[in-house]
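Trainee: Structure for this input, please:
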Amino acid sequence: MNQTARRRIAVIVLSGILLLDGVTLMSAAAQSVQSDPKPLSLDDLSALDALIEEETDEAVGSIDEGALLDVALLALVLCFAIVSFLKKSDKLKVVSLVLSVGYLGFVKASLVSVVDVFGALRWSLPGFQDGQAYYLLILFTLISTVFWGRLYCGRICAFGAMTQLLDRVVPSRFRVEPPTWLDERLAKLKYVLLGGAVTYFMATGDTLVYRYIEPFWMFTLNGNAVMWTLLTILLLATIFVRNLYCRYLCSVGAGLGLLSKLTIFRIKRWSECSTCKLCEKTCEWGAIRGPEIIMTECVRCDDCERLYADEARCPHWLIKKRVESRTGQV
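Mentor: Below is the predicted model of the structure:
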């Protein structure tokens, strides 16, 4: 509580005391008894100030403790995601996805949204004291994107994590992979949605458009019949086309995709990647075209990175072993 608020409380309390004194004076006047109101002593003022200080400290302390807990739990989720990414462990990745869905999704409903883009455009952001966890998530998303690419999309986003977990339980025979020419065109749709949403917001100031282009509200269970119908259709379609929303419709993914053009630490490629199609066929995000990894579409899922480190499957290592065996270096 700031100094101005404390002064207001003191004024209210003092006004109440003066009002009571005024009532007493009126009663005395009615009885023809003349008396002056008793002024507050220094001890009374000191006691009042001490009471205000105590209540203020308790209120601020409770707010700080809650905010600190949110920041600490969010930091743990983010750190675990980083560890799973650096370790290239599929088991740790699954745990990270579950944490994102459970905590960032259903517990906190904390996801980066196109609304954050709206706020940045109008410079209308939450206060730091009330949004410390929010700023931590935003900073992590921006910094990690510049470092590695769309890591947020592949590890942290609760909706994206949920669809990846769904992909692990749905039988592969239900999957329909769009042909390359169609995939490339559909991937551009999310940029159209981002541009349209931003244009609409700048023209009208209406932020509610996000409810119809983002399914993230589902974690709050707060939606109308139209929204739930659209979400049901989307999830059913995701059974057949993996990661459909993330690949083709997510305006946040579009924004991070543009930022990922600045990515510093990119995925390594071998010279054999120009002819080998193993990683391209394995990539479930359609982010590999021959030897090229399309950073705007890549979410650093680790699949291709585990493959090119696999000496039993990657042609680079198989060819190297064959050459070494022929030259007698092994």
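Trainee: which residues of the protein fall in strands?
Mentor: 288-289, 292-293 (DSSP state E).
Trainee: mind showing which ranges of the stretch 51-200 of the chain have poor pLDDT?
Mentor: By pLDDT under 70, the weakly predicted segments of the stretch 51-200 of the chain are 51-63, 129-130.
Trainee: tell me the contacts of Phe265?
Mentor: Neighbour list for Phe265: 147-148 [criterion: C-beta atoms under 8 Å, 6 or more residues apart in numbering]. For every residue, glycine as well, the C-beta is placed using N, CA and C.
Trainee: one step back: out of the strands of the chain, which one sits most buried?
Mentor: strand 288-289 (a mean of 18; mean count of other C-beta atoms under 10 Å).
Trainee: Check which helices and strands it is in contact with.
Mentor: Contacts defined by 3 or more C-beta pairs under 8 Å, 6 or more residues apart in numbering; DSSP states H and E place strand 288-289 against helix 278-282.
Trainee: give me the number of residues near Val107?
Mentor: Val107 has 12 neighbours, counted by other C-beta atoms under 10 Å.
Trainee: before we move on, back to that, so which of the strands of the chain comes closest to Val169?
Mentor: strand 288-289 (24.5 Å; C-beta to C-beta).
Trainee: quick one: strands adjacent to that closest one?
Mentor: Strand 288-289 sits in its sheet next to strand 292-293 (antiparallel), going by DSSP bridges.
Trainee: Show me what the partner strand is in contact with.
Mentor: Contacts for strand 292-293 (C-beta under 8 Å, 6+ apart): 266-267, 269, 287, 304.
Trainee: Most neighbours among the residues you listed, please name it.
Mentor: Counting by other C-beta under 10 Å, top hit in the contacts of strand 292-293: Ala287 with 26 neighbours.
Trainee: who touches that one in this structure?
Mentor: Contacts of Ala287 by C-beta under 8 Å, 6+ apart are 293-295, 297-299.
Trainee: could those be laid out in JSON lines, adding pLDDT?
Mentor: Rendered in JSON lines, the data for the contacts of Ala287 read as follows (pLDDT from 0 to 100):
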{"residue": "Ile293", "pLDDT": "93"}
{"residue": "Ile294", "pLDDT": "94"}
{"residue": "Met295", "pLDDT": "94"}
{"residue": "Glu297", "pLDDT": "95"}
{"residue": "Cys298", "pLDDT": "96"}
{"residue": "Val299", "pLDDT": "96"}
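Trainee: Kindly reformat those residues as CSV containing distance to Asn224.
Mentor: Formatted as CSV, these follow (distance: C-beta to C-beta, whole Å):
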residue, distance to Asn224
Ile293, 40
Ile294, 36
Met295, 37
Glu297, 32
Cys298, 35
Val299, 30
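Trainee: just those now: which is nearest Val83?
Mentor: Closest to Val83, out of all of the contacts of Ala287 and judged by C-beta to C-beta, is Val299, at 17.3 Å.
Trainee: Can you report how many residues lie near the closest one?
Mentor: A total of 26 residues lie near Val299 under the criterion other C-beta under 10 Å.
Trainee: The one 3 residues further on too?
Mentor: Other residues near Asp302 number 21, with proximity taken as other C-beta under 10 Å.
Trainee: can you check the one 4 residues further on too?
Mentor: The tally of other residues near Arg306 (other C-beta under 10 Å) stands at 16.
Trainee: Now do the contacts for it.
Mentor: By C-beta under 8 Å, 6+ apart, Arg306 lies in contact with 88, 90.
Trainee: Could you do the one 4 residues further on as well?
Mentor: Taking C-beta under 8 Å, 6+ apart as the contact definition, Asp310 lies against Trp317.
Trainee: wait, isn't Leu256 in contact with Val146?
Mentor: No: here Leu256 lies out of contact with Val146, judged by C-beta atoms under 8 Å, at a distance of 10.1 Å.
Trainee: higher neighbour count, these two?
Mentor: Each of Leu256 and Val146 has its neighbours counted (other C-beta under 10 Å); Leu256 has more, 23 against 15.
Trainee: Domain ranges for this protein, per the record?
Mentor: In the domain annotation for the chain, the residue ranges read 90-265, 267-330 (automatic domain parsing).
Trainee: Fine by me, we can end here.
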